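**Student:** Sequence first, then the predicted structure:
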Amino acid sequence: MNEPTGTEATGSTLLTHSAGLHARPTLKLTMLAKTFAAKIELAVKPDGPWIDAKSVVRVMAMKAPKGSTLHFRASGDKAEEAVTKIVALVDRDFDEAAEGGKAGNV
Amino acid sequence: MSANVGIVIVSHSPKVAEGAADMVRQMVGAEVPVAWTGGNPDGGLGTSVPAIMEAIDKAWSDAGVAILVDLGGAETNSEMAVEMLDEGRQSKVVICNAPIVEGAVIAAAEAASGASLADVKKTAEELSPQ
């Protein structure tokens, strides 16, 4: 629309969540991804296969376990900010520490 | 009134419907209108057209309403409830061909992003075997 080519960004971080990328973390990740217009993808290997980070169904199907390194790549509007914020969400353990005791591994 | 698509959960069992709605609220949040209905007026298992219409009213959004159903009668009664809405509203209500619990959560997550009714339905239906 405005700029002919958007920016590109990549990032990676270690998934430390005890249950891996299960339902609630996946929802938080995809809902955050959907707040950006940029195309955002993730993979458990640096060379893919790349999964649409905005698709709850596909991200859950990855079944990324604890200890996986999550790789992100984004292109388009605010790509850099998108990757930074998503990596930060994973690093904050999906903000679940503050919700302790509310639920088990969902 | 929310700008996001609303979600209605219709189960034969009020416990299933309420539980699914709880999962939506806890996992997705309050930015998506959610209503549920289940059971017949005598307290048994079943669904009721007036109760479904009431739930649609409760979850109403100008962006539309996506309905998740469990078995047989839940679907036919939901279709009937949609047919009994004002004409202007009928085209803004869809029934998703998706598992009721997972479909409700994933439809709501999509709705929370401001997605259109068609996209909400499509995303929920990705869960069903093709």
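**Tutor:** Nice, thanks for sending it over.
**Student:** what's stretch A:59-70 in contact with?
**Tutor:** With contact meaning C-beta atoms under 8 Å, 6 or more residues apart in numbering or on different chains, stretch A:59-70 is reached by A:12-23, A:26, A:29-30, A:42-44, A:51-53, A:90. (Glycine included, C-beta is placed from N, CA and C.)
**Student:** filter the residues you listed by proximity to chain B?
**Tutor:** Applying C-beta under 8 Å from any C-beta of the partner chain to the contacts of stretch A:59-70, one finds that A:A23, A:T30 fall near chain B.
**Student:** Within its local environment, how many residues does the closest residue to chain A within chain B see?
**Tutor:** Residue nearest to chain A within chain B (C-beta to the nearest C-beta): B:S113, separated by 3.7 Å. By other C-beta atoms under 10 Å in any protein chain shown, 20 other residues sit near B:S113.
**Student:** quick one: contacts for it?
**Tutor:** So B:S113 contacts A:M31, A:K34, A:T35, A:K54 (C-beta under 8 Å, 6+ apart).
**Student:** 6 Å instead, please
**Tutor:** Going by C-beta atoms under 6 Å, 6 or more residues apart in numbering or on different chains, B:S113 touches A:K34.
**Student:** and if you look at B:A55?
**Tutor:** Applying C-beta under 6 Å, 6+ apart, we find B:A55 in contact with B:V8, B:A35, B:T37.
**Student:** Let me know the helix or strand that it is in.
**Tutor:** helix B:49-58 (DSSP states H and E).
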